[in-house]
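A.B. asks: sequence unknown, structure follows:
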C-alpha cells in the first residue's frame, strides 16, 4: 500500500473514532462509526489473500448490520420522543436495540462469534488495531447511554466472560486465542459500566497495554500457532522469559498489573451487593487462566517438535523497533504498586 494512502486511512480511522467520542447527536455518532469502519477495511486487505478478504467481508457485514440497527433505533427514538441526543434515549425499545447493536460492534457474547474468526484472517498489527482502537468508539457510546438497562449489561458481561474463557480452551491459533481473550476482558468492562464508568475506562486502558505487549511479542517472534511458540526460546530468550508473565498478567494474577482492574471491579460489585455476579465472574476467569497457562507452558517449558508441518525461522532479524514492546512489557508487569496513584487519576 502506498504510504500516502496508508496515512489517509490511519487519519480517517482516528478521525472517525474522535467524531463518535465527541458527539452528543446520534446522527453524528453514526457518521463517525461509518468513517471508522470504512477506514480499516483497506488496512485489512492490504495483503491480498483469500483469508484476509474473507475477514474483511465478515467485518464489513457485521459492522454494517450493527450501525444500521443503531440508526434505526435512534430514528425510532426521535420519532417517538423527538430527541436526537444520546443521553436523552428514554424509550425502552430503542435503548435495548442500541445496546444490542453496540454489543454486536464490540463482539460481546452471544454476538461474539465473528470476532475471533475475523481476527484470525488478519495480520498481527491490523489485528491489534481491531482488538484495541476499534473498541473505543462503541464503548464511548455505551458510557453515554442512560441508566436503566443494567440487566442487559450484566447478562452480556457475564456471558462474555464465560464464553471468552470457554471458546479459547480448544484453540491452537494465537490470534483466535487473543480474540477470545478480548471477549472475556470486554465482559469485565461491560459488567461494571452501569455502576462506575471510570472503572471501565481503567480496565480498557490496562487491557490495551497488555494486549499490545502480547501482539508485539507474537509479531516479533513471527509465531501464529502454539506449535510455533515452542521454538521461541532458542530465537528470542528474553522475550520468551517475559511472555509467561505478561500472559499471567492478562489472566489477572497478583502481583502483576492485570490484577488491578479485576480487583477493583470485584470490589465495586461487592459494594453494589452483587455478590453472586462477582462470584460467577471470578470463577469464570479460571477458564481464561487455563489457556493463558497453556500458552505460558508452550513458550517456556517445551522443546520444539521435530515433525512440524511448516518451516519455522531459526533466527529472528529485528527490523522493527523494540522500544514499544519494552515499554509495554514493563508497564504490564510492574504497575500494580502504583495502584493508589492510578485509582486517584481514574476515579477522581
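C.D. replies: Arrived safely. Here the structure is a predicted model, which means the values were calculated and not measured. Numbering: from 1, shown residues only.

A.B. asks: spell out the residue ranges of the helices in the stretch 1-150 of the chain.
C.D. replies: For the stretch 1-150 of the chain, applying DSSP state H, counting those that start in this stretch gives helices covering 3-22, 26-44, 50-81, 92-106, 114-120, 124-131, 136-144, 150-167.

A.B. asks: including mean pLDDT, mean neighbour count and distance to residue 198, could those go into CSV?
C.D. replies: In this view, the C-beta of every residue, glycine as well, is placed from N, C-alpha and C. Putting the helices of the stretch 1-150 of the chain into CSV (pLDDT from 0 to 100; neighbours: other C-beta atoms under 10 Å; distance: least, C-beta to C-beta, whole Å) gives the following:
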stretch, mean pLDDT, mean neighbour count, distance to residue 198
helix 3-22, 91, 15, 15
helix 26-44, 92, 20, 21
helix 50-81, 91, 17, 24
helix 92-106, 90, 21, 18
helix 114-120, 94, 22, 25
helix 124-131, 93, 21, 22
helix 136-144, 91, 20, 9
helix 150-167, 91, 21, 16
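
A.B. asks: adding distance to residue 213, write those helices out as TSV.
C.D. replies: TSV is the format used below for those (distance: least, C-beta to C-beta, whole Å):
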stretch	distance to residue 213
helix 3-22	22
helix 26-44	21
helix 50-81	23
helix 92-106	21
helix 114-120	17
helix 124-131	10
helix 136-144	18
helix 150-167	19
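
A.B. asks: closest to residue 345 out of those?
C.D. replies: helix 136-144 (17.3 Å; C-beta to C-beta).

A.B. asks: coming back round to it: for the helices of the stretch 1-150 of the chain, which one sits closest to residue 296?
C.D. replies: helix 150-167 (15.8 Å).

A.B. asks: what does the closest one rub up against?
C.D. replies: 96, 99-100, 103, 108-110, 112, 116, 180-195, 274, 277, 280-281, 284-291 (C-beta atoms under 8 Å, 6 or more residues apart in numbering).

A.B. asks: just after that helix, pick out the following helix or strand.
C.D. replies: helix 174-191 (DSSP states H and E).

A.B. asks: who wins for proximity to residue 216 among the helices of the stretch 1-150 of the chain?
C.D. replies: Nearest of the helices of the stretch 1-150 of the chain (C-beta to C-beta): helix 124-131, 7.9 Å.

A.B. asks: list the contacts for residue 135?
C.D. replies: 106, 182, 186, 204.

A.B. asks: tell me how many other residues crowd the second one.
C.D. replies: Taking other C-beta atoms under 10 Å as the criterion, the count of residues near residue 182 is 25.

A.B. asks: model confidence for it, exactly?
C.D. replies: Looking at residue 182, its pLDDT reads 94.

A.B. asks: separation between the residue nearest to it when sequence neighbours are not counted and residue 5?
C.D. replies: Distances taken as C-beta to C-beta, 6 or more residues apart in numbering place residue 131 nearest to residue 182, at 4.9 Å, with adjacent residues excluded. Using C-beta to C-beta, to the nearest Å, residue 131 is found at 23 Å from residue 5.
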